[in-house]
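In: here are the coordinates; sequence isn't available:
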């Protein structure tokens, strides 16, 4: 059990925390939430001992271990491979292996087989081997492989030097090392920023089953809901602890604030009534006892306080989109190479006016590359063209790339503003939370969140009918993300957004382009439609791939083979149970719809039973809606049954 007691921290005389504290229990799953700059990262570093509070203490039992993933890491410049760097997580086991080698070498040199010293060394070797086995030393590489594959690495990448990978991929190796080490407390600061959707889903499953406690900072609402069951909010130096998921916390927070306001208003009315009574009868001898009683009542009354709230937030709308042609962008046989590496191969697609497209897929599959080709920042082979009168606005994955670090906030906007807007620059910047005392700050000293807000402000200055946004939510807090999403929903132009944030994408887009194997597959619907369609269509394909990968990897010993077979059977059994439950549920829904249709059919077969024409039309409309819903459910049931049959066939083959 980890404990924070009466923690206070000040920065430049401004209090960040005031006497806050909480306990982290074994197997807790805590989401740490609050606005950018509220102190979430500072609190994580205090728990680790990297920062010291001005007051209070952190109590960590001596036998407990911690693991920490910061928002940013220093890039590795060594030639260490992905596999070797991941294996450094097992320092204790590596030390046992070194001792086993030393004792084995010593035994091989000795010939005094009957001596006590020889038998002592042999006993030591047996003890070390037993310890090595207990700590899982015989499955090290298998464990590493499982985690690296889950985080999106391919087997052929395991032996590549780490310094050939981007910061995002190196961050995944750091995540792998923490998960493999299995500390008692894992602290993760924005772990999803560098992961694609598949890897986020894998991490969710891993953390759900993790044996220790987890505290994470994230602005990904879906990730928080799927992992955490406790939410700690930091608000203006105070901490509020909710024993629930993030979405439920939002509801409870509103209820708490409404309750406080109601209690405060009731108390204020009571105080005013008492004060009026005192004032009215203060000088009347016959009422002196009642007056004194009410004065004492006021003195003893504990005033109800309303929690201070940080109500500041960005507010903006995108300017009206100029008219464009029907086809906004179009490509055929589009190919892109970086040196010998082929990223996009003979890609063809089109974006029609009004389309709202999400680019999704594993990192490194070409999402950002295609976004930059669309903006004209990269050359390419094949055909690509923009339509009539297309005006493009672009938000880069790293917003700092689009900003001059030597300019101030005001100069950044003033440099591109034209016309009447130049007289309203301060108002515009105020809408993005840049006050008068901040607009002279240089871009190079801004935080990631501040750069993101400035890049969004700059984006508003030129009306665009095609917006290309590359990971726009990475540095935004929950409230700012919601405001951006609402602004994009109202935006009338064509939208292309690269994102791994499922909650942000839900309801925002009507098409999904999945990047896989250097090409694009198009899905109609939003992100959850895509995830469901892809899961149903590729269960068999993914299993076949798993078999091919397994057969291509050298197996070490029968025990490893059996364990892999056992794990595969377990996973298939879990998938079969899950799909069986879904099939049973949808069968119940189909049965209920069929009963509803039968009743409506009997009713409509004899119109004389429904003298009211309005009621007849309503029944007819309900029949049409129910029939359409039934057809959809039957199609869904057929897909689920096919997928279930595939899984059962695979299970019987094992």
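Out: Great, that's in hand. For clarity, every value in this text was computed on a predicted model and none was experimentally measured. Numbering: from 1, shown residues only.

In: got the contact list for the residue lying closest to residue 629 once chain neighbours are set aside?
Out: Closest residue to residue 629 in three dimensions, ignoring its sequence neighbours and counting by Cβ to Cβ, 6 or more residues apart in numbering: residue 593, at 6.1 Å. All C-beta spots, glycine's among them, are computed from the backbone N, C-alpha and C. The contact partners of residue 593, by Cβ atoms under 8 Å, 6 or more residues apart in numbering, come to 626, 629, 630, 633.

In: helices and strands of this structure: which one bottoms out on pLDDT?
Out: helix 527-552 (a mean of 60; mean pLDDT, DSSP states H and E).

In: the next helix or strand after that one - what's its average pLDDT?
Out: Heading C-terminal from helix 527-552, the first helix or strand you meet, by DSSP states H and E, is helix 557-605. For helix 557-605, mean pLDDT is 73.

In: cool, stretch 90-100 as well?
Out: 77.

In: buried sites along that stretch?
Out: 90, 93, 96, 99, 100 (16 or more other Cβ atoms under 10 Å).

In: and the closest residue to the first one other than its chain neighbours, what element?
Out: Counting by Cβ to Cβ, 6+ apart, residue 140 is the residue found nearest to residue 90 once chain neighbours are left out, at 5.8 Å. Residue 140 is part of helix 140-150 when elements are defined by DSSP H and E.

In: now for that helix, which elements pack on it?
Out: If you count contacts as 3 or more Cβ pairs under 8 Å, 6 or more residues apart in numbering; DSSP states H and E, helix 140-150 packs onto helix 82-87, helix 167-181, helix 197-209, helix 557-605.

In: can I get the ones you listed in TSV including distance to residue 433?
Out: Converted to TSV, the helices and strands packed on helix 140-150 look like this (distance: least, Cβ to Cβ, whole Å):
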stretch	distance to residue 433
helix 82-87	39
helix 167-181	27
helix 197-209	28
helix 557-605	44
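
In: for those helices, which one sits closest to residue 443?
Out: Comparing the helices and strands packed on helix 140-150 by their distance to residue 443 (Cβ to Cβ), the top pick is helix 167-181, with 20.2 Å.

In: average model confidence for the closest one?
Out: pLDDT averaged over helix 167-181 gives 85.

In: and the angle from that helix to helix 140-150?
Out: 140 degrees (axes from the mean of the first three to the mean of the last three Cα atoms, to 10 degrees).

In: who touches helix 167-181?
Out: 65, 67-69, 72-73, 75-76, 82, 85-86, 88-90, 143-144, 147-148, 151-153, 162, 165, 186, 188, 191, 193-195, 199, 203, 206, 210, 363-364.

In: mind redoing it with 7 Å?
Out: Helix 167-181 has contacts (Cβ atoms under 7 Å, 6 or more residues apart in numbering) with 67, 69, 73, 75-76, 82, 85-86, 88-90, 143-144, 147-148, 151-152, 162, 186, 191, 194, 206, 363.

In: residue 232 belongs to a helix, doesn't it?
Out: No: under DSSP: H, G, I helix; E, B strand; the rest coil, residue 232 falls outside any helix and is assigned strand.

In: what residues are up against it?
Out: So residue 232 contacts 22, 30, 32, 239, 241 (Cβ under 7 Å, 6+ apart).

In: which ones among the residues you listed map onto strands?
Out: 22, 30, 32, 239, 241 (DSSP state E).

In: enumerate every residue touching the second one.
Out: What it means is residue 30. Here residue 30 is in contact with 24, 214, 215, 228, 230, 232 (Cβ under 7 Å, 6+ apart).

In: tell me the buried residues within these.
Out: 24, 214, 215, 228, 230, 232.

In: is residue 50 part of a helix or strand, or is it coil?
Out: coil.

In: mind checking how far it is from residue 206?
Out: 25 Å (Cβ to Cβ, to the nearest Å).

In: and if you look at residue 13?
Out: For residue 13 relative to residue 206 (Cβ to Cβ), the value is 42 Å.

In: now swap in residue 64 and tell me
Out: The value you get for residue 64 to residue 206, if Cβ to Cβ is used, is 20 Å.

In: do residue 433 as well
Out: Applying Cβ to Cβ to residue 433 and residue 206 gives a distance of 36 Å.

In: between these two, which is the more surrounded one?
Out: residue 433 (19 against 16; other Cβ atoms under 10 Å).

In: hang on, the more buried one in a helix?
Out: No: assignment of residue 433 by three-state DSSP gives coil, placing it outside any helix.

In: hmm, residue 454 and it touching each other?
Out: No: counting by Cβ atoms under 7 Å, residue 433 sits too far from residue 454 to count as a contact (10.1 Å).

In: what helices or strands is whatever helix or strand residue 521 lives in leaning on?
Out: Using DSSP H and E, residue 521 sits within strand 519-524. On a contact count with 3 or more Cβ pairs under 7 Å, 6 or more residues apart in numbering; DSSP states H and E, strand 519-524 meets strand 341-352, strand 511-516, helix 527-552.

In: mind running it again at 10 Å?
Out: If you count contacts as 3 or more Cβ pairs under 10 Å, 6 or more residues apart in numbering; DSSP states H and E, strand 519-524 packs onto strand 341-352, strand 356-361, strand 511-516, helix 527-552.
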